[in-house]
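# Quick one, fold the following:
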Amino acid sequence: ALRGGAGGYEPVCFEPRPLKNLLLIDEMESLSPACGMQVANLFEEETKQMYALVGKGPWSSLKVLRPGQAVAEMAVSPLPGMPNGLWTIKEKKSQDFDSYIVVSFKNASLVLSIGESVEEVTNSGFQTTSATLDVKAMADDSMLQVVPTGLRHILSDGRVNEWRCPGRKQITSVSCNERQVVAALTGYELVYFELDETGQLLESEKKDMAGEMSSVCIAPLPKGKLRSKFLAIGGYDATIRILSLDPQDCLSPLAVQAVAAVPSSMLFMNLASSEYDDGATSLYLQAGLANGILLRTEVDSITGQLSDTRTRFLGTRPPKLVNLQIMGKQAMMALSSRPWVGYVQEGRFTLTPISYESLAYGSQFSSEQCPEAIVGVAGTSLKILVIEHLGDAFNSSACGLKYTPRALAIHEGSKTVVVGEADYGVVPNQLTTAAAASAEVGGNDMDVETNG
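The predicted structure follows:
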């Protein structure tokens, strides 16, 4: 732009400044224009990658696209051994963020305090000399630790009440919500506990089952209720049974369903049944089977009958199901030969693979720095992950190019990608660099005159 003045037209000069009235909220990546694409597995992953040439001129790039949900790795910490369990817990129910990470090993447990940094603590009240099967924050701000030999109820004042398994029996599987606990013992015995008005965890019922139990799962507490109505039992006879927790017929059978393999992990979920009404929910039971299949069946909220069963193959390992909270709503993570995340989007339950290495164990993680995150175990490392761009079908990594890409060739044997680039009327980079160097050297030896 030019402006007129006494001396003629002069250019208008201005300096760009950061935006003051606009704030970037989100952006969507584009693959336009796409100049070429090939599919290969150069990283030897479970799913092949797509290699795409996108863009034009100096804004072009080679993008590697992977199907699955993107996650960001926030922290990695080594562990002293190979864990067999992982949980996070709040010291008080009213807290916004988690207080401890409990990592279980074969004959010990490690308790880590969550603050500005994650550090080991010894005064948490948790028993560290044995393995841990589960931990849970109870409704009265107490904490529950389940060990193979019994239950440890850690009261808010620091006192600990213990319940020990009878004889030489041990707990093989356990499930709990804020007020109820169910433990499966060796010898086909099932024991049910409830938290009473005085804050004591009392044994309410026990029952001898017909066979060994592979997993147990208690439904979450309905809003405004003090007791959940249903309990799911997975058996080594490849069945799923729904039992009642009503005081009038406690542990009595309500429904049974035969499945294709032994249920190794189960999780109850209240999922939205309407896109427009978040309060309209239905109760579903998710079950990870030993053959790598995830089974989902609807549970009738009155009778406990099972219906509308659906299955999906997730991987070569039995899926471990982990309860999550994503955007304030209940979600889940399924850990098989690759991790998956399940969540409700636009009134539909969506199950998407996570584009990350296999995790052996995982749990919800919440801190001041990462309000909604995941803590997981990969090998002997503890990793904190954050889900990015929930709902994207692909995630990508990019390598910038100098010129417009014209051709792409991939040699999988040598794991090499060759890109041909060209632009009309562009001087190659090495020539411009050499010319600039020559001009700089020449400028030291001569004066340059310009005629205005």
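# which stretches of the stretch 351-452 of the chain form helices?
429-443 (DSSP state H, counting those that start in this stretch).
# so where is the stretch 1-150 of the chain shaky, pLDDT-wise?
Low-confidence segments of the stretch 1-150 of the chain, defined by pLDDT under 70, span residues 1-10.
# Report how many residues lie close to the nearest residue to P339 once chain neighbours are set aside.
The shortest distance from P339 to any non-neighbouring residue, by C-beta to C-beta, 6 or more residues apart in numbering, is to I354 (4.2 Å). Every C-beta, even on glycine, is put in place using the N, C-alpha and C of the backbone. When neighbours are defined as other C-beta atoms under 10 Å, I354 has 24 of them.
# I354: what's it in contact with?
Applying C-beta atoms under 8 Å, 6 or more residues apart in numbering, we find I354 in contact with G68, Q69, V71, M333, R338, P339, W340, V341, I387.
# try 6 Å this time
Residues in contact with I354, defined by C-beta atoms under 6 Å, 6 or more residues apart in numbering, are G68, Q69, V71, P339, V341.
# ok, so what distance separates it from E27?
Noted for I354: a distance of 22 Å to E27, by C-beta to C-beta, to the nearest Å.
# same deal with A131?
If you go by C-beta to C-beta, the gap between A131 and E27 works out to 46 Å.
# of these two, who's got more company?
A side-by-side neighbour count of A131 and E27, using other C-beta under 10 Å, places A131 first with 18 against 7.
# I figured that one was touching S104, is that so?
Yes: if you go by C-beta atoms under 6 Å, A131 and S104 touch, sitting 5.0 Å apart.
# for the record, mean pLDDT for stretch 271-286?
Stretch 271-286 carries an average pLDDT of 76.
# Look up how far H411 lies from Q38.
Taken as C-beta to C-beta, the span from Q38 to H411 is 11 Å.
# same deal with P148?
Here the criterion is C-beta to C-beta. By it, P148 lies 53 Å from H411.
# what's the answer for E27, then?
34 Å.
# now do S156
64 Å.
# and what of Q145?
Q145 is 55 Å from H411, by C-beta to C-beta.
# what does I326 give?
Separation of I326 from H411 (C-beta to C-beta): 40 Å.
# go on, S265?
For S265, the distance to H411 - C-beta to C-beta - is 42 Å.
# Those two: which is more packed in?
Between S265 and H411, counted using other C-beta under 10 Å, the more crowded position is S265 (22 against 11).
# partner residues bridging that one?
Counting by DSSP bridges, S265 is bridged to G288.
# Isn't it up against G288?
Yes: between S265 and G288 there is a contact under C-beta under 6 Å: 4.2 Å.
# Give the residues shared as contacts by those two.
L321.
# Doesn't G211 belong to a strand?
No: assessed with DSSP: H, G, I helix; E, B strand; the rest coil, G211 is coil; it does not lie in a strand.
# Tell me, how many residues neighbour it?
Around G211 there are 11 residues (other C-beta under 10 Å).
# May I have the residues that are in contact with it?
G235, D237.
# That one and E205: what is the separation?
19 Å.
# just K402 next, same as before
Per C-beta to C-beta, K402 is found 72 Å from E205.
# can you check V76 too?
44 Å.
# Tell me which of the two has more neighbours.
Taking other C-beta under 10 Å, V76 and E205 do not tie; E205 has more neighbours (15 against 11).
# residue ranges of the strands in the stretch 251-400 of the chain, please?
Shown for the stretch 251-400 of the chain, the strands assigned by DSSP state E, counting those that start in this stretch span residues 253-258, 263-272, 281-289, 293-299, 306-313, 320-326, 329-335, 339-345, 348-353, 361-365, 373-378, 381-388, 394-400.
# Out of the ones you listed, indicate the one that is most buried.
Of all the strands of the stretch 251-400 of the chain, strand 373-378 carries the top mean neighbour count, a mean of 24, counting by mean count of other C-beta atoms under 10 Å.
# what is the rounded mean pLDDT of that strand?
For strand 373-378, mean pLDDT is 94.
# what angle do it and strand 339-345 make?
Counting by axes from the mean of the first three to the mean of the last three C-alpha atoms, to 10 degrees, strand 373-378 lies at 160 degrees to strand 339-345.
# Mind listing the strands strand 373-378 pairs with, and their directions?
Using DSSP bridges, the strands paired with strand 373-378 are strand 361-365 (antiparallel), strand 381-388 (antiparallel).
# Pull the contacting residues for S124.
Y100, V111.
# one step back: what distance do you get for the residue nearest to P339 to C370?
16 Å.
# Relative to P11, which of the strands of the stretch 251-400 of the chain is closest?
strand 394-400 (32.5 Å; C-beta to C-beta).
# gap between that closest one and the chain center?
Mean-position distance between strand 394-400 and its chain equals 21 Å (C-alpha atoms, centre = their mean, to the nearest Å).
# Mind giving me the packing neighbours of it?
The contact analysis (3 or more C-beta pairs under 6 Å, 6 or more residues apart in numbering; DSSP states H and E) places strand 394-400 against strand 61-67.
# Packing partners of the strand it packs on?
Short answer (3+ C-beta pairs under 6 Å, 6+ apart): strand 61-67 packs on strand 49-54, strand 394-400.
# After it, which helix or strand is next?
strand 70-78 (DSSP states H and E).
# Please tabulate the strands paired with strand 373-378 in TSV, including the columns distance to Q248 and mean pLDDT.
Listed next are the strands paired with strand 373-378 as TSV, based on distance: least, C-beta to C-beta, whole Å; pLDDT from 0 to 100:
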stretch	distance to Q248	mean pLDDT
strand 361-365	34	95
strand 381-388	43	93
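# Of all these, which one is nearest E346?
When the strands paired with strand 373-378 are ranked by proximity to E346 (C-beta to C-beta), strand 381-388 comes first, at 17.3 Å.
# So what touches that closest one?
Under C-beta under 6 Å, 6+ apart, the answer for strand 381-388 is 70-79, 370, 373-376.
# so who does L243 touch?
L231, L251, P253.
# State the helix or strand in which it lies.
Assigned by DSSP H and E, L243 belongs to strand 239-244.
# Perfect, I'm done here.
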